[in-house]
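> sharing a model that was predicted from the sequence below.
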Amino acid sequence: MCIISYMEALDQTRTHELLAAVAEQLAARGAHAELVVIGGSALLAVGLTSRPTRDVDIVALLADQTLVDPRPLPAELIAARDRVARDFGLPENWLNPAPADLLDFGLPEGFVERLERHVYGASLTVHFATRFDQIHFKLYAMVDQGAGKHESDLRALSPTRAELLAAARWTRTHDPSEGFREQLLAALAHLGVENVDLDA
């Protein structure tokens with residue numbers, strides 16, 4: 001098995017390679033997992049961007065088309081992830097449920113139906129968030145965490161005004177504060193969307 005440095009960022013090929021390796025480890029344990037992934041690795045996996053990333057973000061598990069909180073990750077998945085981390089020289093948290101907080105206030109309506117499904121053998125299925133939903137997540141991250149990579153990713157998705165407005169209204173369900181609203185309006189203006197009524 002090829003050993004890579006944890007400092008080496010993940011591209012599309014490596015993302016799929018690592019997930020296939022997780023599938024092998026799950027199969028060796030007689031386990032199965034169905035993951036829902038967002039963020040940079042999902043953008044890479046479905047070919048929406050080419051910006052390398054450093055981890056794979058699990059927002060949920062999927063059971064019978066129902067989103068399930070992934071915190072904590074199942075023991076078999078942790079064991080598989082950690083073995084892959086050792087084999088490939090990755091940090092332990094390269095596969096993590098960091099964005100699972102998004103479940104607390106809900107994902108965009110119709111999110112599950114839009115997921116793109118990838119099967120890695122019989123033991124692992126990964127559902128990647130697609131363009132419309134990633135616009136929501138990236139706008140929220142841009143306002144909440146700062147521009148940088150989130151703005152770059154958002155611009156790469158070439159969102160329309162209507163898509164940005166839909167995303168903006170969704171972000172308000174996660175942070176209704178006036179401070180966030182002001183930052184959101186500033187971000188929208190920066191993206192070329194002005195004169196916005198977020199309550200419409």
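Happy to help now that I have it.

> I'd guess residue 42 is in a helix, am I close?
Yes - counting by DSSP: H, G, I helix; E, B strand; the rest coil, residue 42 is part of a helix.

> contacting residues for it?
Residues near residue 42 by C-beta atoms under 8 Å, 6 or more residues apart in numbering: 57, 128, 129, 134. Heads up, the C-betas are built off the backbone N, CA and C, glycines and all.

> number of nearby residues for the closest residue to the first one other than its chain neighbours?
If you skip the residues right next to it in sequence, residue 57 has residue 39 as its closest partner in space, 3.9 Å away by C-beta to C-beta, 6 or more residues apart in numbering. Under the neighbour criterion other C-beta atoms under 10 Å, residue 39 is assigned a count of 24.

> please report how far residue 39 lies from residue 138.
9 Å (C-beta to C-beta, to the nearest Å).

> check residue 190 too.
Residue 190 sits 13 Å away from residue 138, taking C-beta to C-beta as the criterion.

> same check on residue 67?
Between residue 67 and residue 138 the computed distance is 20 Å (C-beta to C-beta).

> if you count surrounding residues, which of these two has more?
residue 138 (26 against 19).

> give the next helix or strand downstream of the helix or strand that the more buried one is a member of.
Assigned by DSSP states H and E, residue 138 belongs to helix 131-145. Where DSSP H and E defines the elements, the next helix or strand beyond helix 131-145 is helix 149-156.

> domains in the chain, by residue range?
Following the assignment in automatic domain parsing, the chain carries domains at 12-129, 132-190.

> which of the ones you listed sits closest to residue 198?
Closest to residue 198 of the domains of the chain is domain 132-190 (C-beta to C-beta; 6.0 Å).

> now do the closest one: distance from first to last residue.
20 Å (C-alpha to C-alpha, to the nearest Å).

> how about stretch 109-127?
For stretch 109-127, the first-to-last residue distance is 16 Å (C-alpha to C-alpha).

> show me where this structure has strands.
Secondary structure of the chain (DSSP state E): strands at 33-38, 56-63, 66-68, 95-96, 116-120, 124-128.

> neighbouring strands - and their directions - for the first one?
Under the criterion DSSP bridges, strand 33-38 sits next to strand 56-63 (antiparallel), strand 124-128 (parallel) in its sheet.

> quick one: contacts for residue 105?
173, 174.

> distance of residue 16 relative to residue 34?
The value you get for residue 16 to residue 34, if C-beta to C-beta is used, is 17 Å.

> can you show me the CA trace of the helix ranked longest in the chain as PDB?
For the chain, the helix with the greatest residue count under DSSP state H is helix 12-28. Extracted C-alpha coordinates of helix 12-28, given in PDB (Å, rounded to 0.1, in the frame of the first residue of the first chain):
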ATOM      1  CA  GLN A  12     -10.100  14.000  -6.200                       C
ATOM      2  CA  THR A  13      -8.200  10.800  -6.900                       C
ATOM      3  CA  ARG A  14      -6.700  10.500  -3.400                       C
ATOM      4  CA  THR A  15     -10.100  11.200  -1.800                       C
ATOM      5  CA  HIS A  16     -11.700   8.200  -3.600                       C
ATOM      6  CA  GLU A  17      -8.500   6.100  -2.900                       C
ATOM      7  CA  LEU A  18      -8.800   6.700   0.800                       C
ATOM      8  CA  LEU A  19     -12.500   6.000   1.000                       C
ATOM      9  CA  ALA A  20     -11.900   2.800  -0.900                       C
ATOM     10  CA  ALA A  21      -9.300   1.900   1.700                       C
ATOM     11  CA  VAL A  22     -11.900   2.600   4.400                       C
ATOM     12  CA  ALA A  23     -14.200   0.200   2.600                       C
ATOM     13  CA  GLU A  24     -11.600  -2.500   2.600                       C
ATOM     14  CA  GLN A  25     -11.100  -2.100   6.400                       C
ATOM     15  CA  LEU A  26     -14.800  -2.100   7.100                       C
ATOM     16  CA  ALA A  27     -15.200  -5.300   5.000                       C
ATOM     17  CA  ALA A  28     -12.400  -6.900   7.000                       C
END
